[in-house]
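Novice: model this:
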Amino acid sequence: MNGILINAHGTASSLPPVSHAYSLYGDNFMDTLNSIGKISGFKKGDSVFLIGQSATHLFQLITGEVHLYRHSYDGKQILLFRAYDGGFFAEASLNNNKYHCTAICKKDSVIQSFDAKKVCVLLQQNRAFSMAWIDYLSSNLRWQRACVERLNLKSVVDRIIHYLVTEGSPTGEITLQGTLTELAEVLGISREALYRSLALMEKKGVIERTGNKLRIIKI
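Specialist: Numbering: from 1, shown residues only. Next up, the predicted model:
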């Protein structure tokens with residue numbers, strides 16, 4: 001399979017909270033999914049699926065990194081979503097005939113695919129599995145809303161603080177898995193604006209930077 005994944009609000013350092021659904025029903029949730037899953041290896045640059053292809057599977061990233069994209073009228077890539085270890089993507093294949101974006105591996109990746117028709121059968125026949133899946137989607141929706149709210153903020157500094165508070169620890173600390181350039185994409189700002197704002201925030205003692213870690217000191 002080949003493809004790319006995009007998200008208008010992905011995150012460079014964290015995932016939607018996929019693990020909470022697992023906690024409701026222990027290991028049974030993933031055991032059930034794993035029973036119908038197929039694990040495949042992908043190289044950096046490989047596509048998982050392409051926009052317009054028949055939507056036959058949904059996926060879970062075991063290790064690596066996958067980005068979902070579309071292209072603008074002038075050919076520029078528009079990032080829709082970033083999948084990191086443990087994250088699901090292409091869930092919409094459960095009720096769509098075709099993929100609406102392209103999914104590309106940004107690193108060598110191991111991905112588990114699940115036949116969409118078989119997952120639909122599980123949702124119809126296995127109540128515990130269905131409830132765990134609903135919980136995952138609900139958690140994901142809360143995460144998406146936070147991302148949308150962040151993009152509505154006008155100030156670059158406000159977007160950075162919002163990101164640290166909502167995506168990091170309760171104290172506003174986060175370890176970036178991606179680059180600052182990727183974080184700029186996530187925040188919907190230019191790389192230069194991010195660099196300037198981080199430097200200013202650090203100079204004023206608002207944040208502390210240590211390697212790939214960012215931490216709020218004061219607001």
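Novice: tell me the secondary structure of residue 170, please.
Specialist: Here residue 170 is recorded as coil under DSSP: H, G, I helix; E, B strand; the rest coil.
Novice: where in the chain is pLDDT low?
Specialist: For the chain, the stretches flagged by pLDDT under 70 are 1-27, 219.
Novice: report the longest helix in it, please.
Specialist: Looking across the chain with DSSP state H, the single longest helix is helix 127-152.
Novice: what's in contact with the following helix or strand past that one?
Specialist: Heading C-terminal from helix 127-152, the first helix or strand you meet, by DSSP states H and E, is helix 156-167. Helix 156-167 is contacted from outside by 11, 13-14, 146, 149-151, 153, 172-174, 183, 186-189, 193-194, 197-198, 200-201, 206-207, 214-216, 219, using CB atoms under 8 Å, 6 or more residues apart in numbering. C-beta: built from backbone N, CA, C; applies to glycine.
Novice: one more time with 6 Å, if that's ok
Specialist: 11, 14, 146, 150, 153, 172, 174, 187, 189, 193, 197, 216 (CB atoms under 6 Å, 6 or more residues apart in numbering).
Novice: can you pull the contacts of the last one?
Specialist: Just to be clear, that refers to residue 216. Residues counted as contacts of residue 216 (CB under 6 Å, 6+ apart) are 164, 172, 207.
Novice: so it bridges to which residues?
Specialist: Counting by DSSP bridges, residue 216 forms beta bridges with residue 207.
Novice: without its sequence neighbours, what residue ends up closest to residue 193?
Specialist: residue 156 (5.2 Å; CB to CB, 6 or more residues apart in numbering).
Novice: separation between that neighbour and residue 163?
Specialist: From residue 156 across to residue 163, the span is 11 Å (CB to CB, to the nearest Å).
Novice: care to break the protein down by domain?
Specialist: Split into domains by automatic domain parsing, the chain comes to 19-143, 153-216.
Novice: gap between the two ends of the shortest one?
Specialist: One end of domain 153-216 sits 18 Å from the other (CA to CA, to the nearest Å).
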